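*Asks:* sharing a sequence plus its predicted fold:
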Amino acid sequence: MKRKIVKFALYIFTALTVISSISQFANFQFGDISILKNNVLVLGITILLFIYYTRLNKNPQYAHATLNTEKKDKDQSSNEFFTKPKTTFQDVAGLEGVKDELMEVIDFFNKTERYKKMGARIPKGILFYGPPGTGKTLLASAVAGETKSAFFSASGSE
């Protein structure tokens, strides 16, 4: 295969040399021979590369694939982003005022029927804000742990 490509390249370059020699010594007028020579050279190199790469990938190598026939549990814990935290407010030190306010919201989530009878609307969520390192994620995890609900953690840089 490589010999054929080399032979083909030699034929093209030999033909270009012959055309160049004829144009110089015999003073033939084929139009502007330098443009013809450049076009033939570009076309020849393109054809060579095309042939080379099509022959190169004729027998592609495949990686061995294995099928996992085990059924995955329908448990949501297999999802790496989904967790049911075991963190509670007993694990959070300090922030007593914030914890008291959050306990009211947690009570609302845990006893929704009682609050609905009074005509209260269920809150859509809680917004934590503040500088980094002040316990926002820990409090959110504790709220999820107290309400036994899902906790999805996402970083702004991700």
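*Replies:* Ah, there it is.
*Asks:* next up, the contacts around residue 135.
*Replies:* Neighbouring residues of residue 135 by C-beta atoms under 8 Å, 6 or more residues apart in numbering: 92, 94-95. Every residue, glycine included, has its C-beta placed from N, CA and C.
*Asks:* buried ones among those residues?
*Replies:* Buried members of the contacts of residue 135, counted by 16 or more other C-beta atoms under 10 Å: 92, 95.
*Asks:* make TSV out of the contacts of residue 135 and add distance to residue 133.
*Replies:* Formatted as TSV, those follow (distance: C-beta to C-beta, whole Å):
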residue	distance to residue 133
92	14
94	13
95	13
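*Asks:* let me know the helix or strand that the nearest residue to residue 86 once chain neighbours are set aside is in.
*Replies:* Residue nearest to residue 86 in three dimensions, not counting chain neighbours: residue 145, with 5.8 Å by C-beta to C-beta, 6 or more residues apart in numbering. Assigned by DSSP states H and E, residue 145 falls within helix 136-147.
*Asks:* who are the packing partners of whichever helix or strand comes after that helix?
*Replies:* Once the chain leaves helix 136-147, the next helix or strand it forms, by DSSP H and E, is strand 151-152. Helices and strands touching strand 151-152, by 3 or more C-beta pairs under 8 Å, 6 or more residues apart in numbering; DSSP states H and E, are strand 82-83, helix 136-147.
*Asks:* outline the domain layout of this structure.
*Replies:* 2-56, 79-152 (automatic domain parsing).
*Asks:* where's the closest residue to residue 137 other than its chain neighbours relative to residue 54, distance?
*Replies:* In space, and not counting its chain neighbours, residue 137 is closest to residue 153: 6.6 Å by C-beta to C-beta, 6+ apart. In this view, residue 153 and residue 54 are 49 Å apart by C-beta to C-beta, to the nearest Å.
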